[in-house]
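Asks: coords below, sequence missing:
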């Protein structure tokens, strides 16, 4: 069991993840074919979208530990950029989404510049405030149709424009590709120098600095990648739905929806966002469908109760059900300072 | 004492031959609390220097100033002739100063290997060289059997070793150990001392902070004693324990023979 003979637990784990990812990709590609139900297919599209969005959030909020409650800003910037380029200049959304992602990444850097000077809860609150400011701006900005929003006109059945008469099945593959690329980005950065540095920053900033980790640039890099992924997702969503307005692009509920799958599935884990989306999106959509969202709020109560139960029963996230390594922050050694910042993780090790 | 142009290494007369670190007139206070006053000493290349003193002597502040985590109010600290005071912890690590923490600061969501790899990334950017370097250092520090163990599951002495391994992975020329032996069982402390000697044998200069003097005496080449923020005395460990001023600082007047 010397180090020289057994060096590759990390490498073996990463290979395994890649194989599981490929199998899952294939399964998800085949899954909608036998399912002829448009509603269920639509559910899967949303699920894949949120898996990708939350994977983006997870880069910053999970690996790097900077809890953002304003990721709707990057979603909205991606959505609006792509929508405006399409409606005013006719630029296809397959290009527009990259422009949207790039602008969203830039916005994440602009938000990060002042906000990363704050830490912990203060950072989270700052992102919340920024997103509320942007929402207000977008609701009143005539250039982007203010509160009216932007409708994407249907031009032609086209993969380049990402426009389809029956959009559900093609968009299953669009969103699957999106979720897969987001997952792959997370997989790559998790195994890279950045991944190590982000987790070090998350666990203990002082110790990280003593190992020559430049904290501020590392947070900025995480923010840019995270914002970029989220921005591309916003562009794809807009193309799928054919409409975006300030509330659906920049609203606070969206920020929460982007963060939740990662939180429920397992913060800072590769599979967390995917698992979380696979559970949360169907539950959310089905409660709405069965109970109606016409103001009685029962769907939200069930949804909230589910999240609370998960937080209590599986505070490390759903990934812990699978024996996948999750981010145990708690310290089991008695009499030592508990360094882990994540409150949920500290409960677990005693179990 | 930078020269007029601010260019080139500042000239500071060495106190010991071939010093790796020079601390010159360093003072630091926090509000009305004075932590260090006019502290001056040298650390010779390759020695194990003990920085000792009773609780509240200002050891930790001085230690943090050398590591770059604090900026002295006045005075300067030079590593091999380069002024490092005020540069910050990141720059000090890059210039070759490694450190451990008195209260261990493991990355608890990561394994032993991953913890040490963070240190290795201070010198290399690619993953495989970082992993190879980390594994070598882990083996050296006696944690070879726990490479893939989560850091939070280590024993207290294992965590101290992890701190050393992580710091060594940054390839320091000067290693600062903050109360590394405090609170360990006698056998763990013995093993810890062996590790310190092995580190020195790699050509790394060591400064150890301890407030319990007995632990350090057999290990260190020289001691600098701090008391109430000032340097009380310095010299061989044997001379220090016989020094009336040192005894007075630790035990009070009536113990002075």
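Replies: Yep, that arrived. These figures come from a predicted structure and were not determined experimentally.

Asks: middle-most residue in chain A, spatially?
Replies: The residue lying closest to the centre of chain A (C-alpha atoms, centre = their mean) is residue A:54, at 1.5 Å.

Asks: wait, isn't that residue in contact with residue A:255?
Replies: No - under the criterion of C-beta atoms under 8 Å, residue A:54 is not in contact with residue A:255, lying 11.3 Å apart. Bear in mind the C-beta positions are built from the backbone N, C-alpha and C, glycine included.

Asks: wait, residue A:149 sits on residue A:245?
Replies: Yes - using C-beta under 8 Å, residue A:149 is in contact with residue A:245, at 2.7 Å.

Asks: give me the element the residue nearest to the centre of chain A is part of.
Replies: Using DSSP states H and E, residue A:54 falls within helix A:38-58.

Asks: is that helix anywhere near chain B?
Replies: No - using C-beta under 8 Å from any C-beta of the partner chain, helix A:38-58 stays clear of chain B, with a minimum separation of 13.8 Å.

Asks: in that helix, what counts as buried?
Replies: Residues of helix A:38-58 classed as buried by neighbour count (16 or more other C-beta atoms under 10 Å in any protein chain shown): A:41-58.

Asks: quick one: average confidence on that helix?
Replies: Per-residue pLDDT over helix A:38-58 has a mean of 92.

Asks: and that helix, what other elements does it pack with?
Replies: helix A:168-190, helix A:215-241, helix A:252-265, helix A:272-291 (3 or more C-beta pairs under 8 Å, 6 or more residues apart in numbering or on different chains; DSSP states H and E).

Asks: so how far is that helix off the chain centroid?
Replies: How far helix A:38-58 lies from its chain's middle: 10 Å, per C-alpha atoms, centre = their mean, to the nearest Å.

Asks: Just the angle for it relative to helix A:215-241, thanks.
Replies: Angle of helix A:38-58 versus helix A:215-241, following axes from the mean of the first three to the mean of the last three C-alpha atoms, to 10 degrees, is 170 degrees.

Asks: tilt between helix A:38-58 and helix A:168-190?
Replies: Per the same axes, to 10 degrees, the angle that helix A:38-58 makes with helix A:168-190 is 20 degrees.

Asks: need the contact list for residue B:232.
Replies: Counting by C-beta atoms under 8 Å, 6 or more residues apart in numbering or on different chains, residue B:232 makes contact with B:53, B:225-226, B:245-246, B:249.

Asks: Alongside chain A, which residues does the stretch 151-257 of chain B contribute?
Replies: Residues of the stretch 151-257 of chain B lying near chain A (C-beta under 8 Å from any C-beta): B:152-156, B:159, B:166-167, B:169-170.

Asks: Secondary structure element holding residue 207?
Replies: You didn't say which chain, so I picked chain A. Per DSSP H and E: helix A:205-210 holds residue A:207.

Asks: Sorry, I should have been clearer: chain B.
Replies: Under the criterion of DSSP H and E, residue B:207 resides in strand B:205-210.

Asks: next one: that strand to chain centre, how far?
Replies: 4 Å.

Asks: What residues sit buried inside stretch B:99-107?
Replies: B:99-102, B:104-107.

Asks: where does chain B have low pLDDT?
Replies: Residues of chain B that meet the criterion pLDDT under 70 lie in B:1-11, B:251-257.

Asks: re the thing from before, how much space separates the residue nearest to the centre of chain A from residue A:233?
Replies: Residue A:54 sits 9 Å away from residue A:233, going by C-beta to C-beta, to the nearest Å.

Asks: next one: residue A:28
Replies: Taking C-beta to C-beta as the measure, residue A:28 falls 17 Å from residue A:233.

Asks: how about the nearest residue to the residue most central in space within chain B, chain neighbours excluded?
Replies: In chain B, the centroid-proximal residue (C-alpha atoms, centre = their mean) is residue B:176; its distance is 1.5 Å. With C-beta to C-beta, 6 or more residues apart in numbering or on different chains as the criterion, residue B:176 has its nearest non-adjacent residue at 4.2 Å, and that residue is residue B:99.

Asks: check contacts around that neighbour.
Replies: Contact analysis of residue B:99 by C-beta under 8 Å, 6+ apart lists A:210, B:63, B:67, B:93, B:167, B:175-178.

Asks: near chain B, which residues of the stretch 151-300 of chain A?
Replies: So the stretch 151-300 of chain A meets chain B at A:191-193, A:196-197, A:199-200, A:202-204, A:206-214, A:268 (C-beta under 8 Å from any C-beta).

Asks: Separate out the buried members of those.
Replies: The neighbour count (16+ other C-beta under 10 Å) marks A:191, A:193, A:196-197, A:199-200, A:202-204, A:207-214, A:268 as buried among those.

Asks: about what we covered before: which one's more surrounded, residue A:28 and residue A:233?
Replies: Between residue A:28 and residue A:233, counting by other C-beta atoms under 10 Å in any protein chain shown, residue A:233 is the more crowded of the two (34 against 20).

Asks: just to revisit the earlier point, so what are the sheet partners of the strand holding residue B:207 and their directions?
Replies: In the sheet, strand B:205-210 lines up against strand B:48-52 (parallel), strand B:174-178 (parallel) (DSSP bridges).

Asks: moving C-terminal of the helix or strand where residue B:92 lies, what's the next helix or strand?
Replies: Assigned by DSSP H and E, residue B:92 belongs to helix B:89-95. Next helix or strand after helix B:89-95 toward the C-terminus (DSSP H and E): strand B:97-99.

Asks: need the contact list for residue A:254.
Replies: Contacts for residue A:254 were tallied using C-beta under 8 Å, 6+ apart; they are A:71-72, A:75-76, A:248.

Asks: and which of those is nearest to chain B?
Replies: Nearest to chain B out of the contacts of residue A:254 is residue A:71 (C-beta to the nearest C-beta; 22.0 Å).

Asks: Roughly how far does residue A:163 sit from residue A:143?
Replies: 24 Å.

Asks: Tell me which of the two has more neighbours.
Replies: Shown here are residue A:163 and residue A:143; by other C-beta under 10 Å, residue A:163 has more neighbours (21 against 8).

Asks: beta partners for the more buried one?
Replies: Counting by DSSP bridges, residue A:163 is bridged to residue A:158.
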